[in-house]
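Asker: I need the structure of the sequence given here:
(one chain, ligands or ions: 1)
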Amino acid sequence: MHEQTPKLIIQGGNPLRGEIRISGAKNAALPVLCAALLTGDDIRISNVPRLMDITTMISLLKEIGVSVHDNGPSEFVLCAANLAHLTASYDMVKTMRAAILVLGPLLARAGEAYISLPGGCAIGLRPVDQHIKGLEAMGAEITIEHGYIHAVAKQLHGARIVMDIVTVTGTENLMMAATLAHGTTVIENAAREPEIIDLANCLIAMGARIHGAGSDIITIEGVPVLRGAEHAVMPDRIETGTFLAAACATGGDIRLSETDPHLLDAVLDKLTESGASIETGARWINLEMQHRPKPVTLRTAPYPAFPTDMQAQFMSLNCIADGTAVITETIFENRLMHVQELKRMNADIRVEGNTAIIRGIPGLDGAHVMATDLRASASLVIAGLVAQGETVIDRIYHLDRGYEAIEKKLSLLGASIQRAGTH
Ligand code: UD1
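Answerer: Numbers count the residues shown, from 1 in each chain. Here you go, the predicted structure:
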C-alpha cells in the first residue's frame, strides 16, 4: 500500500490575528550544534527549534560519536568526548546541505574529515569551493574521492583568507576551524549575517578568541583547547519575517514575541512600504494591515540587505498588491520555482532570468500546488491563506525542514489549516 505523503489543506480568507512566540533560529542552531565537535566537554544549547533539519543534524552528530541528551522542550546537551566516525555520508548531506558545517570543526579537532559533496540542489548549484579553499589556506590537504571531500590536517595553522564570494556557512566553517588552529586567521569578505555573531558568541563562551564577527573582517586567534559552555540560540528572523508577511498579506493584526526586530531592518522597511503599520519593542513586533498591500520592489543580497530566504514570501505578498513589483534574486540562480505554482493560483508573474515581474491582482484562487523548497513552501502557505477557497500543498516535508509547528502557530492566529496524510 502507498503511504500517503503529508499535505497541508488551507481554507483561505481569514486575516491572521493574535500573538505567537517565535522559535530559535534554525540557521543559528545548526552551526552552534556543530561547534560542540570542537570540545570534549558538555555544551548546553537552549532555544533550539524542533524541526527536521535539527533532527537530521543531531542524527549526523550521533553518527560521528557525539552523545546527545534531549532535555526538552528546546534544550540539548552535547558531548563530543569521543569522535568515532569522522564522516558525513551522502545520505545526510543530500537531505541537508548544512551538514557541510561539520567539516571545519572535525578537521580542527580530529585532524581528518570525510564529507560527501552536496551535489545538485534544487535552488542552484551551491558549490563548496570557498570552504575548501579556506581550509587549504590553513594547511589542510584536501582531495575529492568518490564524491567525498577527504580533508586531512595534523594541525591547522592561521591564514589570511579572502573569500571570493560572501558565503554564510563558508564563513562559519572557517571560523570554527580557526578557533583551534595554530596562530591567527583573518577572514576577509566574511558574511555578516546575525547567525554568524550568534555562533561567534557560543565559540567565545567556549574560550575562543574571535573579533569582528558581524563585520566583513573576522579575526580568530587560535587556542589549544576549547571548553564546555551554555548558549541560548538567537530568535529566527526568517520565521519572524514569514509570519509578518502572512499577516500583511491577509490584512491581519499580530504580535510576535521572543523575537528581535533589529535582525529584520530590511524586511520591516519593505513591510512598511507595502502599507503595514509596525510597532516594535526590545523583544516583540506588532504588525497591522488594513488594506490591500502596495507593491514592493526588492533585490536580494547578503545581510544587511534583503534576505534571499524572504524573497518567496514577498512574491506572494506582491501577487495581491495594488500595482506592479519587480523582485530580483541575486544569491541563488534557480530560486524562483514558486512562480510556476503561484501561477496555478492565478498569479500574474513574468520571469526574465533572475527577475520576476509581478502584476498584482485583487485575489488568488485556491488550487492544488507543490512545495519545491523550504522558503517556496512558505510562499505557498501565504498564498493559500489569502486565496479564495481551498489550497492543498503537496510535499510539505520541505516546510517541515525549517519551520517549527507552523500549522499550529497559524491555527493559533485564526488560520484554517490542517495537515493530512502521515507525518
Ligand atoms: C545559508 C543559509 C540559507 C541562505 C543562504 C544565503 C544556513 C544553514 N543556510 O546557506 O538559508 O539562503 O545562506 O543567505 O545558514 N557559494 C559558492 N561557493 C561556496 C559557497 C557558496 O559559490 O563555497 C555560493 C552559493 O552557490 C550561493 C552563494 O554563494 O550562490 C551564497 O551561498 P551561501 O551563503 O554559502 O549559502 P549557505 O551558507 O549554503
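Asker: Quick one: the strands in the stretch 301-423 of the chain, in order.
Answerer: Taking DSSP state E, counting those that start in this stretch, the strands of the stretch 301-423 of the chain run over residues 324-328, 348-352, 355-359, 368-370, 390-394, 416-420.
Asker: of all these, which lies closest to the ligand?
Answerer: strand 324-328 (14.0 Å; Cβ to the nearest ligand atom). Where C-beta positions appear, they are placed from N, C-alpha and C, glycine not excepted.
Asker: returning to that earlier point: need the strands of the stretch 301-423 of the chain in a markdown table with mean pLDDT and distance to L263, can you?
Answerer: Formatted as a markdown table, the entries for the strands of the stretch 301-423 of the chain read as follows, by pLDDT from 0 to 100; distance: least, Cβ to Cβ, whole Å:
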| stretch | mean pLDDT | distance to L263 |
| --- | --- | --- |
| strand 324-328 | 98 | 21 |
| strand 348-352 | 97 | 28 |
| strand 355-359 | 98 | 25 |
| strand 368-370 | 96 | 30 |
| strand 390-394 | 97 | 27 |
| strand 416-420 | 95 | 26 |
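Asker: Just put those strands in TSV and tack on distance to the ligand and mean neighbour count.
Answerer: Rendered in TSV, the data for these read as follows (distance: least, Cβ to the nearest ligand atom, whole Å; neighbours: other Cβ atoms under 10 Å):
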stretch	distance to the ligand	mean neighbour count
strand 324-328	14	19
strand 348-352	18	14
strand 355-359	16	19
strand 368-370	20	19
strand 390-394	20	20
strand 416-420	24	15
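Asker: so what's the closest residue to E341 other than its chain neighbours up against?
Answerer: Once flanking residues are discounted, E341 sits nearest to V369: 4.2 Å by Cβ to Cβ, 6 or more residues apart in numbering. Neighbouring residues of V369 by Cβ atoms under 8 Å, 6 or more residues apart in numbering: E341, L342, R344, M345, L380, A383, G384, T391, V392, I393, D394.
Asker: Go again with 7 Å.
Answerer: Neighbouring residues of V369 by Cβ atoms under 7 Å, 6 or more residues apart in numbering: E341, R344, M345, L380, T391, I393.
Asker: now A29
Answerer: With contacts defined as Cβ under 7 Å, 6+ apart, A29 is in contact with V48, P49, I54, V233.
Asker: isn't the third one right next to V48, touching?
Answerer: Yes: look at I54 against V48 with Cβ atoms under 7 Å: they come within range, at 6.0 Å.
Asker: Show me which of these two is the more surrounded one.
Answerer: Neighbour count, other Cβ atoms under 10 Å: between I54 and V48, V48 has more, with 28 against 22.
Asker: Helix, strand or coil: sort out the more buried one for me.
Answerer: Secondary structure of V48, reduced to three states by DSSP: H, G, I helix; E, B strand; the rest coil: coil.
Asker: how close does it sit to the ligand?
Answerer: As defined by Cβ to the nearest ligand atom, to the nearest Å, V48 lies at a distance of 14 Å from the ligand.
Asker: A88 too?
Answerer: A88 is 14 Å from the ligand, where distance means Cβ to the nearest ligand atom.
Asker: now do N318
Answerer: Using Cβ to the nearest ligand atom, N318 is found at 20 Å from the ligand.
Asker: tell me the contacts of that residue?
Answerer: N318 is in contact with P295, V296, A325, I327, I358, G360, counting by Cβ under 7 Å, 6+ apart.
Asker: Swap in 8 Å and give it another go.
Answerer: Applying Cβ under 8 Å, 6+ apart, we find N318 in contact with P293, P295, V296, A325, I327, I358, G360.
Asker: And G228, by the same measure?
Answerer: T39, D41, D42, I43, R44, M206.
Asker: Now do the SS call for the nearest residue to the fifth one once chain neighbours are set aside.
Answerer: Right, the one you point to is R44. Across the structure, with Cβ to Cβ, 6+ apart as the measure, the residue nearest R44 apart from its sequence neighbours is E230 (4.4 Å). Under the three-state scheme (three-state DSSP), the conformation of E230 reads as strand.
Asker: What is the neighbour count of I220?
Answerer: Residue crowding around I220 was assessed by other Cβ under 10 Å; the count is 27.
Asker: what sits against it?
Answerer: Under the criterion of Cβ under 8 Å, 6+ apart, the contact list for I220 reads 158, 175, 178-179, 181, 184-187, 208-211.
Asker: Which ChimeraX command selects the buried ones in those?
Answerer: For selection in ChimeraX, the members of the contacts of I220 meeting the burial criterion (16 or more other Cβ atoms under 10 Å) are listed in this command:
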select :158,175,178,179,181,185,186,187,208,210
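Asker: Okay, now the unreliable bits of the stretch 251-400 of the chain?
Answerer: In the prediction, the stretch 251-400 of the chain carries no residues with pLDDT under 70.
Asker: that older thread, and the contacts of A29 as TSV, adding pLDDT?
Answerer: What follows is those, written out as TSV (pLDDT from 0 to 100):
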residue	pLDDT
V48	98
P49	98
I54	97
V233	98
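Asker: For these, which two are the farthest from each other?
Answerer: I54 and V233 (10.0 Å; Cβ to Cβ).
Asker: Now for these two: what residues contact both?
Answerer: Contact with both I54 and V233 is made by residues A29, V48, according to Cβ under 8 Å, 6+ apart.
Asker: my guess is V386 meets D365, correct?
Answerer: No: in this structure, V386 sits apart from D365 without contact. The criterion is Cβ atoms under 8 Å, and the distance is 10.3 Å.
Asker: How about the residues of the chain by the ligand?
Answerer: Taking Cβ under 6 Å from any ligand atom, the part of the chain that reaches the ligand is made up of 27, 30, 97-98, 124-131, 165, 167-170, 195, 308-309, 331-332.
Asker: still on that earlier bit, is it possible to get a markdown table of the contacts of G228 that adds secondary structure?
Answerer: Formatted as a markdown table, the contacts of G228 follow (three-state DSSP):
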| residue | secondary structure |
| --- | --- |
| T39 | coil |
| D41 | coil |
| D42 | strand |
| I43 | strand |
| R44 | strand |
| M206 | coil |
